[in-house]
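J.: Next comes the sequence, and after it the predicted model I'd like to discuss.
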Amino acid sequence: MNNQLIFRTGKLVLVLLTVLMFSCKDKEKQIQGDSGVSYSEELAREISFVTNGDIHFDDVIEVLFNDRVVEENEVGSSPDNVFSFSPRIKGRAVWESQSVLKFIPDEPLPVRTKIEGKLMLQKLAPRFKEINLEDLVFTLNVLGRDIANFNGSVDLKDRDDPKILVYSGTVSFTENTALDVIRKAASLKGGKGITLTWSKVDDRTFQFTSSDILRSDNDQVFTMVIDRKPLELEYDYTETFLVSPLKKMSANDFRTDESGRRPRIRIGFSDELEMDQNIDGLININPAVKFEVKKLGNSVILDGDFKFGQSYNVTVQKGVTSRWGIKTEKEVTKELRFSDIAPQLEFVSDGIVLPTSNQKKLQFYSTNLKRVHLEVKKVFTDQIGRFLESEQLTSTRTRNRGFSDGYSSAVGVIIKNQTIELGDRKNEWLLNEFDLSDLFKKYDDGFDG
């Protein structure tokens with residue numbers, strides 16, 4: 001995990017890199033001293049930004065210069081053979097403005113691919129050749145499409161008819177996805193003639209609903225399958241669910257919910273619960289945990305003092321009643337384990353300017369990280385406006401959580417590397433800080449707001 005987050009003050013761009021986590025076994029592993037790209041001051045004076053790090057398959061590559069490079073009548077023109085890529089990318093370079101050069105690929109970029117790029121600046125403008133300016137090198141990590149979230153549930157088609165069910169839900173992807181592709185990739189196995197109807201919520205999120213599922217006298221097992229090939233996923237995705245006979249009430253779906261800071265447990269039943277029934281004492285947890293039970297349709301949510309990284313045995317006793325008066329007839333116990341918290345880092349406050357009220361200290365929360373590394377880049381005063389524009393730092397999104405590797409796109413000179421040890425306290429959020437007062441003494445230009 002290499003989260004990169006930026007705060008800004010005056011001439012400084014602060015890039016916080018997490019470089020080693022609990023999962024790392026080699027305690028003596030050397031810390032990387034920078035983000036992997038280092039630029040000379042001569043280059044940083046000419047260029048403020050280049051697309052770098054994590055990008056999407058439909059992105060373009062952009063280079064922002066500090067001063068005008070071409071005349072106004074050259075805007076829209078395409079300089080030849082100034083970019084090179086390994087592996088090769090077909091496309092064309094275009095001057096979007098007098099100081100912004102873009103490379104537009106002819107086809108979507110190959111996913112899950114690392115691409116080394118180079119802009120040969122001496123071919124681009126005579127003045128770059130006169131000063132013998134070095135090539136601009138950058139690395140692109142083209143992200144692949146993954147399933148970001150999947151939610152599916154079995155519900156009554158008609159709330160007053162328990163015999164006909166439908167399976168419905170949503171699926172979200174990490175990349176833009178076409179509706180016809182998800183239709184081709186997804187299917188529901190286990191019943192004859194069961195089809196899926198899809199609709200688009202946005203470019204990455206889709207809703208689905210199955211055709212009618214008729215209850216029989218026996219248990220029926222269905223599997224939602226999303227084929228990786230049409231979507232270029234890394235793996236096939238499957239989700240299995242059970243449809244029980246109407247005369248049978250059972251707890252058939254036990255799962256953890258790790259979406260928030262407090263983990264929860266969800267138990268799904270074959271039918272809607274009788275809402276007026278008191279089920280206290282019919283659900284037990286071992287090891288013992290104080291918890292509350294919330295009934296919701298055909299599910300109960302257990303909200304309590306569960307811990308990440310721990311396992312629990314969940315038991316549903318006989319006697320839980322459905323809306324139709326059918327009771328669970330046997331005790332069921334399932335073991336569930338909460339995952340360790342994924343290594344994460346967040347700034348304490350939102351924003352892009354480091355306020356003086358922080359006493360020039362950069363505060364952040366971390367979990368499951370052994371150490372973090374701070375890299376500070378010096379950017380030049382005339383770059384600030386273009387930097388803010390290129391990074392869209394004036395947008396409404398929050399800025400305290402993880403940003404993509406695109407923040408290594410800022411072209412600047414590294415002036416500080418610092419590593420701090422965070423300790424081995426697992427699955428806890430810890431408050432930490434970097435003291436930047438030494439940098440402000442040296443570089444402060446009165447814009448430390």
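T.: Arrived safely.
J.: all helices for the stretch 1-150 of the chain, in order.
T.: Assigned by DSSP state H, counting those that start in this stretch, the helices in the stretch 1-150 of the chain fall at 41-46, 121-124, 126-130.
J.: Make TSV from those helices and add mean pLDDT to it.
T.: TSV is the format used below for the helices of the stretch 1-150 of the chain (pLDDT from 0 to 100):
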stretch	mean pLDDT
helix 41-46	88
helix 121-124	95
helix 126-130	94
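J.: so which of those helices is the most packed in?
T.: helix 121-124 (a mean of 19; mean count of other CB atoms under 10 Å). C-beta coordinates here come from the backbone N, C-alpha and C atoms, glycine included.
J.: ok, residues contacting that helix?
T.: The contact list for helix 121-124 (CB atoms under 8 Å, 6 or more residues apart in numbering) reads 46, 69, 79, 81-82, 101, 128-129, 132-136.
J.: Can you check the distance spanned by stretch 288-308, start to finish?
T.: In terms of CA to CA, to the nearest Å, the two terminal residues of stretch 288-308 are separated by 15 Å.
J.: list the buried ones in it?
T.: For stretch 288-308, burial by neighbour count (16 or more other CB atoms under 10 Å) applies to Phe291, Val293, Lys295, Asn298, Ser299, Val300, Leu302, Phe306, Phe308.
J.: Tell me who's in contact with Leu273.
T.: Ile279, Lys295, Gly297, Asn298, Ser299, Val300, Val320, Thr321, Ser322, Arg323.
J.: again, but for Ile182
T.: Contacts for Ile182 (CB under 8 Å, 6+ apart) come out as Val171, Trp198, Phe206, Ile226, Leu231.
J.: Convert the host helix or strand of it to PDB, retaining C-alpha atoms only.
T.: Ile182 is part of helix 179-185 when elements are defined by DSSP states H and E. Extracted in PDB, the C-alpha atoms of helix 179-185 (Å, rounded to 0.1, in the frame of the first residue of the first chain):
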ATOM      1  CA  LEU A 179     -23.800  -1.800 -19.500                       C
ATOM      2  CA  ASP A 180     -23.700  -4.300 -22.300                       C
ATOM      3  CA  VAL A 181     -20.400  -5.800 -21.000                       C
ATOM      4  CA  ILE A 182     -21.800  -6.500 -17.500                       C
ATOM      5  CA  ARG A 183     -24.900  -8.000 -19.100                       C
ATOM      6  CA  LYS A 184     -22.600 -10.400 -21.100                       C
ATOM      7  CA  ALA A 185     -20.500 -11.200 -18.000                       C
END
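J.: so where's this protein uncertain?
T.: Applying pLDDT under 70 to the chain picks out residues 1-37, 349-358, 379-410, 443-449.
J.: returning to what we had before: mind listing which of the contacts of Leu273 are in strands?
T.: Within these, residues falling in strands by DSSP state E are Lys295, Ser299, Val300.
J.: Now flag whichever of those residues is closest to Val94.
T.: Using CB to CB, the shortest approach to Val94 within the ones in strands among the contacts of Leu273 belongs to Ser299, at 53.4 Å.
J.: ok, now how distant is the closest one from Phe65?
T.: Distance, Ser299 to Phe65, by CB to CB, to the nearest Å: 57 Å.
J.: Save the ones in strands among the contacts of Leu273 as TSV, and put in distance to Glu335 too.
T.: What follows is the ones in strands among the contacts of Leu273, written out as TSV (distance: CB to CB, whole Å):
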residue	distance to Glu335
Lys295	23
Ser299	19
Val300	18
